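Q: Quick one: sequence and predicted model below, then my questions.
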Amino acid sequence: MPTAHEADERPATGGGDNEVVDDVSGRLALAVGRLNRRIRSSTGGLSHGQLSALSTIVRRGPLRPSEIAAIEVAAAPTITRIVADLEARGLVERAPDPEDGRSLFVSGTEAGKALLDEARSDRARAVSAVLAELTPDQVDAVRAALPALERAAQVAPPASPASPAS
């Protein structure tokens with residue numbers, strides 16, 4: 001039974017045929033929001049937008065700002081501001097595009113890669129602490145839900161370990 005406070009936080013839902021989907025939507029929005037707040041401090045001192053952009057740049061860079069904006073689903077001025085902030089912190093660097101002098105590439109610096117590794121470790125520890133509060137059956141349920149959650153979040157699942165040769 002939800003507390004009065006939790007019930008107030010749930011998004012309003014319509015009735016009718018979509019009631020079950022609306023209930024899942026509201027419950028998922030509440031759970032994701034709460035989990036996000038619990039691990040929010042584990043971002044290496046960056047905003048979530050900055051951390052996400054840094055992760056994209058380190059994993060997929062060097063990238064043009066327009067490519068970062070497309071991947072992050074963010075407006076170009078937002079990415080321009082984020083890249084400038086990351087560059088001022090020494091976490092990314094810009095280099096001119098050798099084929100197009102009007103464009104530039106953004107890539108992660110060693111400091112950016114190190115901060116990203118630290119933030120990932122901090123977030124993994126925070127999530128581990130949350131999972132430690134659950135029963136083994138609840139952890140199994142979370143594990144079973146991961147493929148659907150990864151798809152909904154448009155996150156590629158990790159590569160499966162190679163099977164040993166027979």
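A: Yep, that arrived.
Q: Show the pLDDT at Glu99.
A: On the pLDDT scale, Glu99 is placed at 88.
Q: Give me the neighbour count for Ile79.
A: Counted with other Cβ atoms under 10 Å, the neighbours of Ile79 add up to 24. (C-beta placed from N, C-alpha, C; glycine too.)
Q: can you tell me which residues contact it?
A: Ala53, Pro65, Ile68, Ala69, Glu72 (Cβ atoms under 8 Å, 6 or more residues apart in numbering).
Q: So the closest residue to the second one other than its chain neighbours: helix, strand or coil?
A: Spatial nearest neighbour of Pro65, excluding adjacent residues (Cβ to Cβ, 6 or more residues apart in numbering): Ile79 at 5.2 Å. Ile79 falls in the helix class when you classify it by DSSP: H, G, I helix; E, B strand; the rest coil.
Q: How about the secondary structure of Glu93?
A: strand.
Q: Kindly report the same for Val106.
A: Val106 is classified as strand under three-state DSSP.
Q: Is it correct that it is in contact with Pro65?
A: Yes. Val106 is in contact with Pro65 according to Cβ atoms under 8 Å; the separation is 6.4 Å.
Q: out of the two, which sits in the busier spot?
A: Val106 (24 against 19).
Q: can you tell me how far the spatially most central residue of the chain sits from Ala144?
A: Centroid-nearest residue in the chain: Ser52, 5.8 Å away (criterion: Cα atoms, centre = their mean). As judged by Cβ to Cβ, to the nearest Å, Ser52 and Ala144 stand 26 Å apart.
Q: could you pull out the strands for the protein?
A: Using DSSP state E, the strands of the chain run over 92-97, 100-108.
Q: what's the burial count for the nearest residue to the residue nearest to the centre of the chain once chain neighbours are set aside?
A: The shortest distance from Ser52 to any non-neighbouring residue, by Cβ to Cβ, 6+ apart, is to Glu72 (6.1 Å). Glu72 is flanked by 17 other residues according to other Cβ under 10 Å.
Q: where does this structure have its least confident helix or strand?
A: helix 4-9 (a mean of 45; mean pLDDT, DSSP states H and E).
Q: I'd like the distance from Thr109 to Leu30, if you could.
A: Counting by Cβ to Cβ, the gap from Thr109 to Leu30 is 38 Å.
Q: Next: Arg102.
A: 46 Å.
Q: quick one: which of those two has more around it?
A: Leu30 (16 against 6).
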